[in-house]
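here is my input, please return the structure:
(chains A and B)
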Amino acid sequence: MSSTSRDVSVPALEVKDCQKRFKGYGRNEVVTAADNINLIVAPGTIVALVGSNGSGKSTLLSMVAGSLLPDSGQIFVAGEDVTDLPSWQRTGRVAVVRQNPEHNVFSALTIAENFALADAGKSRSFNLKRAAGPRVRDIAHAALKPFSMGLEDRLDALAGTLSGGQRQAVSVAMATSRDPGLLLLDEHTSALDPTRARVVMEQTEAIVRSRRIATLMVTHDMNHAIKHSDRLILMHRGKIAMDLDQEEKAGLTVPGLLSRFEKLTGETLPDSAVLA
Amino acid sequence: MSILLIGAQVGLIYGPLALGIYFALNVMSLPDLTLEGSFGIGGATTAVLLVAGLDPASALMIGMASGCLAGLITGLLHVYLKMNVLLAGILMTTAAWSVSLAIMGAGNISLLNEPTIFTWVEGFGLSTQWAAILVGAAASATVAALLIWFLHTNYGLSLRAAGLNIQTARCIGIRTEARQIAGLIIANGLAAMSGALVVQSQGFMDVSIQTGVIVVGLAALMIGMSVFKTPRIIPSIAGVILGILVYRVVVTLALKLGLPPYFVKLVTAVVVFAIVALRSHGLGLFAVPGTAAAKKNARDRLEYLENDRVVNIT
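I've put the predicted structure just below:
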């Protein structure tokens, strides 16, 4: 499926009445991590997802990725019901980049081998042909070049020998090289130093924009969330508390966002979220 | 020289077992003890088939298949009963003892008058020792070459991925449970191949050949992994084959030095302990208390203890 052939009338993601509860440590204690969430994301939109710890951002992302299954409700990706699909069957439609590089790339494999897995995983055809052949190496080369970290010349290096920033760059390159309709970013630059985080983030945005990949991006960086998104969603206690589109968030500042949040919920965001 | 030859003669037929253990423990990260049971089942199946008049090569292949079946059952226990592989393997090994006896119909079977792969090779004018070395080397080399090829294919790579990180692998589109079952089938097939070879080489099958055999492979794995400390496949597999030779040479040497045969298992354990000690401490093991090396050693150990984690297998 090429990026140009995507049907613009079908949402890239539709979450319908999704609920997820977890058993707490108390006797009959139940934590509602996702409380009847409804969300529609148009193709090619970058949606920033903010909120304090435990607000349900990661639960929502995990339900879309398939590593958590909702108790009730439905999830559609590009119009297709994926609610009960295991995560490994969603990889043609959804790609995920997580915060910890260890969860995105295999350290014990070379960069080329990582790309070979991503490539085979796209169509889920793991055959008995030699992995990491010339075709995969070309894909890896092309996908890594824009990051200008010199990674495209180190395809035979073990991924474990790369720095955190380099591994996240490889992760983003792998995820986007599969041309998914939907990309999930779970604080993928928050473990990096500010300079590296900026490089990886900017490059991610450039790729996502040029390929019109709908993106759901969890971040604690309010500034970034306002500046680099088409839409900003604030989650609180398992619910979507605020949903601002391009026009509504125009001219919004971090203090402005925080005061709106306080008015809406009667609570303040924790310091870590404010300072980030 | 003769010690080296005896080491190769007895050691190389355990090559497939060692590679099977490498495959389960190292590649798939599954601590599967079924391998021990599969070794016995493979031996029992081969012995019965040879007595029934089947040719040695087919008997070897079917012996391998019986091990694959045991691996399949362990895999299904793991995936469908959500059972820890270690636990499933212990139960399977216990069951395998009875299964071996049931296959054989007796406690031991003599193959003295049956043709085996080894007698066939001897037919070309080779001595018993050289025939054993040749067959063992051919078996180990074939398995090693096949594994190296396999683990560099897309499917093999997906097995390695499933053994490295299940969440990441599933995220990338790999059905990890299917890979774990496939991995256990392959590893147990290799263990059974060694069992079948050992039975053909010694000319009889006794149900007790499986007892503690996993330690032989474990010793080879530990030695091999200490020689080349890398996750890359080719040096690792070469290391395991080298490990089985080193291990057998050490045991042969110990016997030559006059240790009674019942000390073989103690020697095995001590060899593995020594290798692991050298691997974790290097020469710092012999550091004089108070020196910088000893202090560094103590710090390393403390760091290990600080980062130690419990593993609950139930």
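
from here on, just use CA atoms for contacts and neighbour counts.
Will do.

which residues in chain B form strands?
Taking DSSP state E, the strands of chain B run over residues B:108-110, B:204-206.

how far off centre is the first one?
It refers to strand B:108-110. Put simply, strand B:108-110 sits 24 Å off its chain's centre (C-alpha atoms, centre = their mean, to the nearest Å).

now the strands for the stretch 101-250 of chain A?
Under the criterion DSSP state E, counting those that start in this stretch, strands of the stretch 101-250 of chain A are mapped to A:182-186, A:214-218, A:231-236, A:239-244.

where does the chain have low pLDDT?
Here I'm looking at chain A. A:1-8, A:269-276 (pLDDT under 70).

could you do chain B instead?
Residues of chain B that meet the criterion pLDDT under 70 lie in B:283-284, B:313-314.

longest helix of the chain?
Defaulting to chain A. Using DSSP state H to define each element, chain A has its longest helix at helix A:194-211.

looking at chain B here, not the other one
helix B:176-202.

other SSEs contacting that one?
When contacts are defined as 3 or more C-alpha pairs under 8 Å, 6 or more residues apart in numbering or on different chains; DSSP states H and E, helix B:176-202 sits against helix B:15-21, helix B:34-51, helix B:56-80, helix B:117-122, helix B:154-164, helix B:166-171.

try 6 Å this time
Applying 3 or more C-alpha pairs under 6 Å, 6 or more residues apart in numbering or on different chains; DSSP states H and E, one finds that helix B:176-202 contacts helix B:15-21, helix B:34-51, helix B:56-80.

looking at these, which is closest to chain A?
Minimum separation from chain A across the helices and strands packed on helix B:176-202 (C-alpha to the nearest C-alpha) falls at helix B:56-80, 14.9 Å.

which parts of chain A sit against chain B?
Residues of chain A lying close to chain B by C-alpha under 6 Å from any C-alpha of the partner chain are A:88, A:91, A:103-104, A:108, A:118, A:121, A:124, A:126-131.

look at B:Ile234 and say how many residues are nearby.
Counted with other C-alpha atoms under 10 Å in any protein chain shown, the neighbours of B:Ile234 add up to 16.

oh, that last question was meant for B:Leu17, not what I typed.
Count around B:Leu17 with other C-alpha under 10 Å applied: 32.

out of the strands of the stretch 101-250 of chain A, flag the one nearest B:Gly67.
strand A:182-186 (42.7 Å; C-alpha to C-alpha).

what's that closest one in contact with?
With contacts defined as C-alpha atoms under 6 Å, 6 or more residues apart in numbering or on different chains, strand A:182-186 is touched by A:Val94, A:Ala95, A:Val96, A:Val97, A:Arg98, A:Gln99, A:Ile213, A:Ala214, A:Thr215, A:Leu216, A:Met217, A:Val218.

quick one: these as a markdown table, columns for neighbour count too.
What follows is these, written out as a markdown table (neighbours: other C-alpha atoms under 10 Å in any protein chain shown):
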| residue | neighbour count |
| --- | --- |
| A:Val94 | 30 |
| A:Ala95 | 29 |
| A:Val96 | 29 |
| A:Val97 | 26 |
| A:Arg98 | 20 |
| A:Gln99 | 17 |
| A:Ile213 | 24 |
| A:Ala214 | 24 |
| A:Thr215 | 30 |
| A:Leu216 | 25 |
| A:Met217 | 25 |
| A:Val218 | 24 |
